[in-house]
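Student: Provided below are the primary sequence and the corresponding predicted coordinates.
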Amino acid sequence: MPYNPALDGVRALSILAVVLFHCNLPGMKGGFVGLDVFLVLSGYLITSLLAAQQRQGGIEVARFYARRALRLYPTLLLVVAAYLVLAPWLWPRDERWLSAGLAAFYLYDYGLAAFRDLSYTIGHTWSLGVEEKFYLLWPLVLPLLLRTRRPVAWLVAGFVVATAWRYRVAFTDEWPQAYFRFDTRLSGILLGAVAALSRWTPSRPVLAIACVALAVDASLPSLPFVDQVSAVTLRITLADLCAFVLVSYAATHAGSAFLAARPMAYMGRLSYGIYLWHFPFALLVRDSQPLWITVSATLLFSGAMAALCLHGIDLPIRRWRERAWPPGRGAVAR
């Protein structure tokens, strides 16, 4: 499975939407839907990787867990360590050790759903908790699914059930219960898995409609404003479906002039680091600085820190990993 720069271009669009949302940019009040694109993309990539391994002899579960940990943990732990050092001065009211523990053990998704007064300084790591639980479970579940006669049909049914479950929680509990929890955010991941196994290629008109709908979804006012229920029901469903189209297109158009352009692909490679570093910084500046300073400073700071982490931590670890532990079956160049 060769490297696909267009998928990194999708990451770039997603992280830009999230950063602008967290900077309180007018016209991006629904930019939280960028996270839904990330979840669909994760479902696609991990399912593609594991399905390839399964076809070539079986999923190497321990290797998969170890490679995921080496890929994700170093930068996360650096962010958590920086938070613990700076919190007494910058966020003295935070329960910093509780926050650090929830982030480090990927439990912030249920933490935010359960505790209304939990500090949110590094609470954006809730989405990593959603993805990590998927990484833990999917290598065990996917082989069973692939043995069925119609795995795509089962995944579509799973998407419908997961969506209905989120709707039920949204209408019976408060919106954080439906927005943050792993069990209520499975729908996008399952659609990504559908994209991986179906290999559907959307037409250009379908792609155009999906992109326009996603842009409208990202621009409408939302959390924590007046339409909290629709934000975690209809709007997440719309984002899931649009992201499914976008990811399916990028998966089969690796040379897309826009998505695969070098600046887009490089920002996509930085997206994990940008996501981790941008939010605490945006919290510090967005209420005290003009909007243009907030946006530009947040992008510059998080981009610089992400580049340092990529070239100073992630790539050296990856080079060591590839020498000491060559890629197994179905490895993706990422």
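Tutor: Yep, it's here. Quantities reported herein were computed from a predicted structural model and do not represent experimental measurements. Residues are numbered from 1 along each chain as shown.
Student: burial measure for residue 128, as a count.
Tutor: 18 (other Cβ atoms under 10 Å). Where you see a C-beta, it was placed from the backbone N, CA and C, and this is true even at glycine.
Student: tell me which strands and helices the helix or strand encompassing it is in contact with?
Tutor: Counting by DSSP states H and E, the element that carries residue 128 is helix 126-146. Helix 126-146 sits against helix 34-55, helix 61-90, helix 108-114, helix 151-172, helix 186-198, with contacts defined as 3 or more Cβ pairs under 8 Å, 6 or more residues apart in numbering; DSSP states H and E.
Student: of those, which approaches residue 136 most closely?
Tutor: Of all these, helix 61-90 sits nearest to residue 136, with 7.5 Å by Cβ to Cβ.
Student: Centre-most residue in the chain?
Tutor: residue 38 (3.5 Å; Cα atoms, centre = their mean).
Student: Please tell me I have it right and that one contacts residue 7.
Tutor: No: applying Cβ atoms under 8 Å as the test, residue 38 and residue 7 come out as separate, 11.3 Å apart.
Student: before we move on, back to that, what comes into contact with the helix holding residue 128?
Tutor: For helix 126-146, the external contacting residues (Cβ atoms under 8 Å, 6 or more residues apart in numbering) are 35, 38-39, 42-43, 46-47, 50-51, 54, 58-59, 61, 64-65, 68, 72, 76, 103, 106-112, 151, 154-155, 180-182, 185-186, 189, 193, 275.
Student: What angle do helix 186-198 and it make with each other?
Tutor: If you take axes from the mean of the first three to the mean of the last three Cα atoms, to 10 degrees, helix 126-146 sits at 40 degrees to helix 186-198.
Student: buried set for helix 126-146?
Tutor: Across helix 126-146, burial judged by 16 or more other Cβ atoms under 10 Å covers 126-135, 138-139, 142-143, 145-146.
Student: Just the mean pLDDT for that helix, thanks.
Tutor: Per-residue pLDDT values across helix 126-146 average out to 97.
Student: In CSV, list the C-alpha atoms belonging to that helix.
Tutor: Backbone C-alpha positions of helix 126-146 (Å, rounded to 0.1, in the frame of the first residue of the first chain) are rendered in CSV as follows:
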residue,chain,number,x,y,z
TRP,A,126,-10.6,13.2,24.2
SER,A,127,-10.6,12.5,20.4
LEU,A,128,-7.3,10.5,20.8
GLY,A,129,-9.1,8.4,23.4
VAL,A,130,-11.8,7.6,20.9
GLU,A,131,-9.3,6.6,18.3
GLU,A,132,-7.1,4.6,20.8
LYS,A,133,-10.0,2.4,21.9
PHE,A,134,-10.7,1.7,18.2
TYR,A,135,-7.0,0.8,17.7
LEU,A,136,-7.3,-1.6,20.7
LEU,A,137,-10.5,-3.3,19.6
TRP,A,138,-10.4,-3.4,15.8
PRO,A,139,-7.5,-5.9,15.3
LEU,A,140,-9.6,-8.3,17.4
VAL,A,141,-12.9,-7.7,15.7
LEU,A,142,-12.0,-7.2,12.1
PRO,A,143,-10.8,-10.8,11.4
LEU,A,144,-14.2,-12.0,12.6
LEU,A,145,-16.0,-9.5,10.3
LEU,A,146,-13.9,-10.5,7.3
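Student: Could you check how far it is from the centre of its chain?
Tutor: 13 Å (Cα atoms, centre = their mean, to the nearest Å).
Student: now do stretch 59-72
Tutor: 18 Å.
Student: Give me the contacts around it.
Tutor: With Cβ under 8 Å, 6+ apart as the contact definition, stretch 59-72 has outside contacts at 49-50, 53, 128, 132, 135-136, 139-140, 142-143, 272, 314, 317-318, 321, 325, 328-329.
Student: go with 7 Å
Tutor: Applying Cβ atoms under 7 Å, 6 or more residues apart in numbering, the external contacts of stretch 59-72 come out as 50, 53, 135, 139, 140, 143, 317, 321, 328, 329.
Student: ok, now stretch 293-308?
Tutor: Applying Cβ under 7 Å, 6+ apart, the set of residues contacting stretch 293-308 is 19-20, 23, 25, 270, 273-274, 277-278, 281-282, 285-286.
Student: Many thanks, I have nothing further to ask.
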